[in-house]
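K.L.:
sequence and predicted structure, then a few things I'm wondering about:
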Protein chains: 2
Amino acid sequence: MTRCRLFAASALLAVSSLASAELTPEQAERAVETRQSVLHLMGWNIGPLGAMARGRMDFDVDRVQTNAGRLVALANMLPDAFAPDTRANEVSTEALDVIWEQPEAFAAKIQATIDASNRLVEAAAGGDENAMREAIGGLGSTCGSCHDDFRADD
Amino acid sequence: MTRCRLFAASALLAVSSLASAELTPEQAERAVETRQSVLHLMGWNIGPLGAMARGRMDFDVDRVQTNAGRLVALANMLPDAFAPDTRANEVSTEALDVIWEQPEAFAAKIQATIDASNRLVEAAAGGDENAMREAIGGLGSTCGSCHDDFRADD
């Protein structure tokens, strides 16, 4: 047990050092590319679902199920993707400093997106259009809510 | 049954039309960004696993399990990500024309990567270091094999 605790403590220390240590320019660029990749793929997967929810595209349950599963996987990458703190680096980013200034508030927004993605998986498994429409809208709201507080305005 | 076949045929036609239709410059840029995002995130997730397999980092079974699951999800996005054919567009890309000239050969490379990712999930569930090392090496080989034939040399 002592050994486990020591290991856990040193692991936490390692993660904390990694997150707070200043990043090299190359590390910072890669960190920006990583978080933008996750968010780009979330948009890629939610795009057609939004079109279905708005009646601009016929509902395709297989597509909703596939994309919902991908969105869960991607949303779960967000905490790791945003762990590297790039505030001290000169990078082109829409990520606001408040992400690392208020980590608990940001983590709560991410959790809301993960939860909404899981609800969409459940709705897609049922295949009811109204339930899917509601779940897609719910997920979209969590995206927008996070962007309002933590992303620079265009 | 006839209705199912008709539906399947029209779905195939729709996918085929989408893939072969010329893309607008904006659609082509987004298509490049999508496939680069998938591949960037695959690299992000396999990087630490490669370091573990080479003995440069201690094995962390939780990390291997997490990243292996992500790699399965990402590898399964590759067919959709590469569906838009950007050969006719002026885009900055390392994707070679042969991807769309020999779609069956490319699909076989993607399937090998999906299969290798699934084998890594199984190895990670078992938690044996030698099995994980072998599975990580196997996945890395499928990445390299596809890059050899379908990606421009640096």
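P.N.:
Everything's here; your move.
K.L.:
burial of A:Val91, as a residue count?
P.N.:
Around A:Val91 sit 15 other residues, with neighbours defined as other Cβ atoms under 10 Å in any protein chain shown. Any C-beta I mention is one placed from the backbone N, CA and C, and that applies to glycine too.
K.L.:
check what pLDDT it gets.
P.N.:
Predicted confidence (pLDDT) at A:Val91: the value is 95.
K.L.:
and it, what is it in contact with?
P.N.:
When contacts are counted by Cβ atoms under 8 Å, 6 or more residues apart in numbering or on different chains, A:Val91 is found next to A:Ala28, A:Glu29, A:Ala31, A:Val32.
K.L.:
mind listing what the last one touches?
P.N.:
Read it as A:Val32. A:Val32 sits next to A:Thr86, A:Val91, A:Ser92, A:Thr93, A:Ala95 when contact means Cβ under 8 Å, 6+ apart.
K.L.:
just the third one next, same as before
P.N.:
Residues near A:Ala31 by Cβ under 8 Å, 6+ apart: A:Leu23, A:Ala81, A:Pro84, A:Thr86, A:Val91.
K.L.:
any idea of the angle the host helix or strand of A:His40 forms with helix B:25-53?
P.N.:
Using DSSP states H and E, the secondary-structure element containing A:His40 is helix A:25-53. Helix A:25-53 runs at 130 degrees relative to helix B:25-53, counting by axes from the mean of the first three to the mean of the last three Cα atoms, to 10 degrees.
K.L.:
could you see whether chain B lies near the next helix or strand after helix A:25-53?
P.N.:
Using DSSP H and E, the helix or strand that follows helix A:25-53 in sequence is helix A:61-75. Yes - shown here: helix A:61-75 in contact with chain B (Cβ under 8 Å from any Cβ of the partner chain) through A:Gly69, A:Arg70, A:Ala73, A:Leu74.
K.L.:
still on that earlier bit, could you dump the contacts of A:Val32 to TSV with distance to B:Pro48 and secondary structure?
P.N.:
Putting the contacts of A:Val32 into TSV (distance: Cβ to Cβ, whole Å; DSSP: H, G, I helix; E, B strand; the rest coil) gives the following:
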residue	distance to B:Pro48	secondary structure
A:Thr86	19	coil
A:Val91	22	coil
A:Ser92	26	coil
A:Thr93	23	coil
A:Ala95	22	strand
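K.L.:
circling back: save the residues of helix A:61-75 next to chain B as a markdown table, and put in distance to A:Gly127 and pLDDT too.
P.N.:
Putting these into a markdown table (distance: Cβ to Cβ, whole Å; pLDDT from 0 to 100) gives the following:
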| residue | distance to A:Gly127 | pLDDT |
| --- | --- | --- |
| A:Gly69 | 14 | 98 |
| A:Arg70 | 18 | 98 |
| A:Ala73 | 21 | 98 |
| A:Leu74 | 22 | 98 |
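K.L.:
avg pLDDT for the helix holding A:His40?
P.N.:
Mean pLDDT, taken over the full extent of helix A:25-53, equals 97.
K.L.:
just stretch A:121-137 next, same as before
P.N.:
For stretch A:121-137, the mean per-residue pLDDT is 98.
K.L.:
next one: that stretch to chain centre, how far?
P.N.:
Relative to the centre of its chain, stretch A:121-137 is centred 20 Å away, using Cα atoms, centre = their mean, to the nearest Å.
K.L.:
nearest to chain B among the residues of helix A:61-75 next to chain B?
P.N.:
Using Cβ to the nearest Cβ, A:Ala73 is the member of these that lies nearest chain B, at 3.7 Å.
K.L.:
which residues touch the closest one?
P.N.:
For A:Ala73, the residues meeting the contact criterion (Cβ under 8 Å, 6+ apart) are B:Gly69, B:Arg70, B:Ala73, B:Leu74.
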